[in-house]
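>>> model this:
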Amino acid sequence: MTRHILIVCVLSSPLLAEQAPITIDARFDDWAGLTPLASDPSGDGGSGIDLVQIWVSDEPDQLFIRMDGAAEFDLSENNNLSIYID
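Model prediction:
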């Protein structure tokens, strides 16, 4: 099962993000028209979090980041994932 993670930050728009009306509702159909910013084959990450696709979308005052993993993972425990936004 693929786990979807969505992170919302109130920031100015980045240059690589696509604009799309994203709703925080635990459904991901509003991402359907966007192209992934990054893709990586499943299973090549060893043990740990295996991210396979990342999308970025923005609105004037918000940045939306969606990450799909090869398996379900919990961002709050037992991982080495760090997200830096500058």
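>>> residue closest to the middle of the protein?
By Cα atoms, centre = their mean, the chain has its centre lying nearest to Arg66, at 2.0 Å.
>>> so what pairs up with it in the strands?
Beta-bridge pairing for Arg66 (DSSP bridges): Leu6, Trp55.
>>> wait, isn't it in contact with Phe28?
Yes - between Arg66 and Phe28 there is a contact at 6.9 Å, judged by Cβ atoms under 8 Å. Every C-beta, even on glycine, is put in place using the N, C-alpha and C of the backbone.
>>> okay, how far is it across stretch 29-49, tip to tip?
24 Å (Cα to Cα, to the nearest Å).
>>> per-residue confidence for Gln62?
Listed pLDDT for Gln62 reads 88.
>>> swap that for Ser42, sorry
89.
>>> count of neighbours near it?
For Ser42, the number of neighbouring residues by other Cβ atoms under 10 Å comes to 15.
>>> tell me the confidence at the closest residue in space to it that isn't next to it in sequence?
Distances taken as Cβ to Cβ, 6 or more residues apart in numbering place Ala70 nearest to Ser42, at 4.1 Å, with adjacent residues excluded. Predicted confidence (pLDDT) for Ala70: 90.
>>> with Ser82 instead?
What the model reports as pLDDT for Ser82 is 81.
>>> quick one, what contacts it?
Listed by Cβ atoms under 8 Å, 6 or more residues apart in numbering, the contact set of Ser82 is empty.
>>> pLDDT below threshold where in the chain?
For the chain, applying pLDDT under 70 flags the ranges 1-19, 45-46.
>>> repeat that with 80
Residue ranges of the chain with pLDDT under 80: 1-20, 45-48, 75, 77-81, 86.
>>> where do the strands sit along it?
For the chain, the strands defined by DSSP state E occupy 3-9, 18-19, 38-39, 51-59, 62-69.
>>> quick one: buried residues of the last one?
By 16 or more other Cβ atoms under 10 Å, the buried positions in strand 62-69 come out as Leu63, Phe64, Ile65, Arg66, Met67, Asp68, Gly69.
>>> any chance of those in CSV, with distance to Gly48 too?
CSV is the format used below for those (distance: Cβ to Cβ, whole Å):
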residue, distance to Gly48
Leu63, 25
Phe64, 24
Ile65, 19
Arg66, 19
Met67, 14
Asp68, 15
Gly69, 10
